[in-house]
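sharing a model that was predicted from the sequence below.
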Amino acid sequence: MAAAAAVVNYPLAAALLAFALAQSSKFFTTWFKEKRWDARQLIASGGMPSSHSATVTALAVSIGIQEGYRSATFATSVIIACVVMHDAFGVRLHAGKQAEVLNQIVYELPVEHPLSETKPLREILGHTIPQVVAGCILGILIAVVMRLALGS
């Protein structure tokens, strides 16, 4: 088992696995809630849990476990994770709300207006705080479980 740990880039593998699990959970949640398969959920942004939060949290925690929580690399990864998560529930969430308003305005335009045929903007861009927190929890779990599975 120690040989597998030496070959695998643990932080990278943890981050990629967290992303994959978060995105695939959205795919299966859509089927469970709406009784339909939607392959777009595998790459879509927004929804529960935040794959961005899961990815950066798994990366930061695994770096902390591997390099130490006092390392500059861990500190850098925590700052990047905070920026990504703030963006997810701040800027991107509000951009999605603005897209919703703009789509409504375009929808109400008369047919003869030049913008009436404009393609609708994507409205689900960001995350709510519970979605970001769920992503963080998933990221922590993935990093810890992977470390336990790979050994020291």
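Nice, I can see it.

helix or strand: which one has the residue sitting furthest away from the middle of the chain?
The C-alpha centroid of the chain is most remote from Glu112, which lies 40.1 Å away (CA atoms, centre = their mean). Secondary structure assigned from DSSP states H and E places Glu112 in neither a helix nor a strand.

got phi/psi on it?
The main-chain torsion angles of Glu112 are listed as degrees, to the nearest 10 and equal phi -80, psi -10.

what pLDDT does it get?
According to the prediction, Glu112 has pLDDT 75.

over to Ala60?
On the pLDDT scale, Ala60 is placed at 98.

do Met1 as well
If you check Met1, the pLDDT there is 50.

same question for Thr55.
In the prediction, the pLDDT value recorded for Thr55 is 96.

cool, and Gly68?
According to the predicted model, the pLDDT of Gly68 comes to 95.

where's the closest residue to it other than its chain neighbours, which helix or strand?
The shortest distance from Gly68 to any non-neighbouring residue, by CB to CB, 6 or more residues apart in numbering, is to Phe74 (6.7 Å). (Glycine included, C-beta is placed from N, CA and C.) Using DSSP H and E, Phe74 maps to helix 72-89.

mind giving me the packing neighbours of that helix?
Counting contacts by 3 or more CB pairs under 8 Å, 6 or more residues apart in numbering; DSSP states H and E, helix 72-89 packs against helix 51-67, helix 129-150.

returning to that earlier point: could you measure from the residue nearest to Gly68 over to Ala58?
From Phe74 over to Ala58 the distance is 13 Å, taken as CB to CB, to the nearest Å.

the more surrounded of those two?
More neighbours surround Ala58 than the other of Phe74 and Ala58, with 32 against 20 (other CB atoms under 10 Å).

that one is in contact with Ala14, isn't it?
Yes - contact status for Ala58 versus Ala14: in contact at 4.3 Å, counting by CB atoms under 8 Å.
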